[in-house]
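Enquirer: compute the structure for the input listed below.
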Amino acid sequence: MRVIVHRGAAAVAFLATCILMLQVADSTGAGPVLAAAPPLLEQVAPFKITAGREFYITNKRWIPFGRSAISVPILMYHYVRPQPSRVHDRVGYNLSVSPQTFQTQMDWLSTHGYHPVDFNDLRAYFAGEKPLPDKPVVITLDDGYRDLYTNAFPILQVRNFKAVAYIVTSFVGQPRYVTAAQVREMDRSGVQIASHTVDHADLARSSAGQAVFQLATSKAWLQGLLGHPVVDFAYPSGKFSAQVVAALQATGYDTAVTEMFGTVHSRADRYVWTRVRVGGGESMADFIHNLGPEESTLVLATVTTGRDAGTDGS
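Expert: Alright, predicted model coming up:
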């Protein structure tokens, strides 16, 4: 019995040492100690440290706390629908990703180990409350078109993907746009709802009073519909100014995204976060390239207890 106890203690100590070494390696910039391990997102291996009971080590890769800036692509979609004629609707053509292309892109993200997160996850990371999973990505869809619900939402649900939908509140219930019931359903099912003004106003050309009205009114309407705070925003057409940022802060928003290209974000620049436009005309090679660099990660181990050996009737 004494030998078994010693072996158990040694195994636990070994795990703790491995985790500590990984943390030290990351903080010194030396790279993960387990870089030679198989490139698996999750590895599970059973071992026994007491008679008759199995313990399981689960290794997962996470982005550790403490980084002031991290590379997380925020993908920007508009329509998810068959592309219209380039001649008769050039603007719509450049904003449309076909459902088949959207599904192909989501499949690629899934099979290559990307983890869709939302802005609550980014807030928790920068607050030091929760690490981010390996290869995080934010999927955003602007304007609240009807195909957000009919085309994009089912594809996201099948893969259990989080996403963020920026809603223009006066458009809700209008032809070609989502309904209030659909917004509530998506909110309960993994799509974070965020504001995109009352009527898609150009805030950069609005007076201070008009900007506050657009921001506060859309925020209040969504919060009344959903029953919880709405603190994330997208600038219509990506247009903003220092005055608009000040109005965002005054009306209680916590983040805002632009249409400028980039993948690196920090807490300090959260009112001008960049995005990666997905217009539907790019190749898969371009889509993959635009995701940007991957953050280095740590392998963190957790130990869970399995069933007692010999109790399964076999």
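Enquirer: domains in this protein, as residue ranges please.
Expert: 2-64+297-308, 69-289 (automatic domain parsing).
Enquirer: what comes up buried for stretch 285-293?
Expert: 287, 291 (16 or more other CB atoms under 10 Å). From N, CA and C alone the C-beta is placed, and that goes for glycine too.
Enquirer: mean confidence score for that stretch?
Expert: The average pLDDT within stretch 285-293 is 97.
Enquirer: which residue ranges of the stretch 201-314 of the chain form helices?
Expert: In the stretch 201-314 of the chain, the segments counted as helices under DSSP state H, counting those that start in this stretch are 208-226, 242-250, 284-289.
Enquirer: what inclination does the first one have with respect to helix 242-250?
Expert: Using axes from the mean of the first three to the mean of the last three CA atoms, to 10 degrees, the inter-axis angle of helix 208-226 relative to helix 242-250 is 40 degrees.
Enquirer: one step back: between the helices of the stretch 201-314 of the chain, which one is nearest to residue 158?
Expert: Closest approach to residue 158 among the helices of the stretch 201-314 of the chain (CB to CB): helix 284-289, 19.5 Å.
Enquirer: which helices and strands sit right next to the closest one?
Expert: Counting contacts by 3 or more CB pairs under 8 Å, 6 or more residues apart in numbering; DSSP states H and E, helix 284-289 packs against helix 99-111.
Enquirer: Provide the strand pairings for whichever helix or strand comes after the helix it packs on, with the direction of each partner.
Expert: As assigned by DSSP states H and E, the chain's next helix or strand after helix 99-111 is strand 115-116. Strand 115-116 has the following strand partners under DSSP bridges: strand 136-143 (parallel).
Enquirer: show me what the partner strand is in contact with.
Expert: Outside strand 136-143, the residues that touch it by CB atoms under 8 Å, 6 or more residues apart in numbering are 63, 72-78, 80, 109, 114-119, 121-122, 148, 152, 156, 161-168, 171, 177, 196, 200, 234, 257, 275, 291, 295.
Enquirer: and that strand, what's its mean pLDDT?
Expert: Rounded mean pLDDT across strand 136-143 is 98.
Enquirer: in strands only, show me the contacts of strand 136-143.
Expert: Counted as lying in strands by DSSP state E, out of the contacts of strand 136-143, are 63, 74-77, 80, 115-116, 163-167, 234, 257, 275.
Enquirer: give me the buried subset of the residues you listed.
Expert: Looks like those have 63, 74-77, 80, 115-116, 163-167, 234, 257, 275 buried, using 16+ other CB under 10 Å.
Enquirer: OK, contacts around residue 237?
Expert: 200, 202, 259 are the contacts of residue 237 under CB under 8 Å, 6+ apart.
Enquirer: looking at these, which is nearest residue 223?
Expert: Using CB to CB, the contacts of residue 237 come closest to residue 223 at residue 200, 19.4 Å.
Enquirer: against residue 132, how distant is the closest one?
Expert: 31 Å (CB to CB, to the nearest Å).
Enquirer: about what we covered before: any chance of the contacts of residue 237 in CSV, plus distance to residue 220, pLDDT and neighbour count?
Expert: CSV is the format used below for the contacts of residue 237 (distance: CB to CB, whole Å; pLDDT from 0 to 100; neighbours: other CB atoms under 10 Å):
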residue, distance to residue 220, pLDDT, neighbour count
200, 17, 98, 15
202, 21, 97, 15
259, 25, 97, 16
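Enquirer: show me which of the buried ones among the ones in strands among the contacts of strand 136-143 is closest to residue 190.
Expert: residue 163 (7.1 Å).
Enquirer: identify the bridge partners of the residue lying closest to the closest one once chain neighbours are set aside.
Expert: Leaving out its chain neighbours, the residue that sits closest to residue 163 by CB to CB, 6 or more residues apart in numbering is residue 139, at 4.2 Å. Beta-bridge partners of residue 139, counted by DSSP bridges, are residue 75.
Enquirer: and residue 139, how many neighbours?
Expert: Residues lying near residue 139 (other CB atoms under 10 Å) number 26.
Enquirer: and the gap between it and residue 114?
Expert: Residue 139 is 10 Å from residue 114, by CB to CB.
Enquirer: now do residue 279
Expert: 20 Å.
Enquirer: give me the more crowded residue out of the two.
Expert: Higher neighbour count among residue 279 and residue 114: residue 114, with 21 against 15, using other CB under 10 Å.
Enquirer: which residues does the more buried one contact?
Expert: Counting by CB under 8 Å, 6+ apart, residue 114 touches 135, 136, 137, 291.
Enquirer: just put those in JSON lines and tack on distance to residue 224.
Expert: Formatted as JSON lines, these follow (distance: CB to CB, whole Å):
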{"residue": "135", "distance to residue 224": "36"}
{"residue": "136", "distance to residue 224": "31"}
{"residue": "137", "distance to residue 224": "30"}
{"residue": "291", "distance to residue 224": "36"}
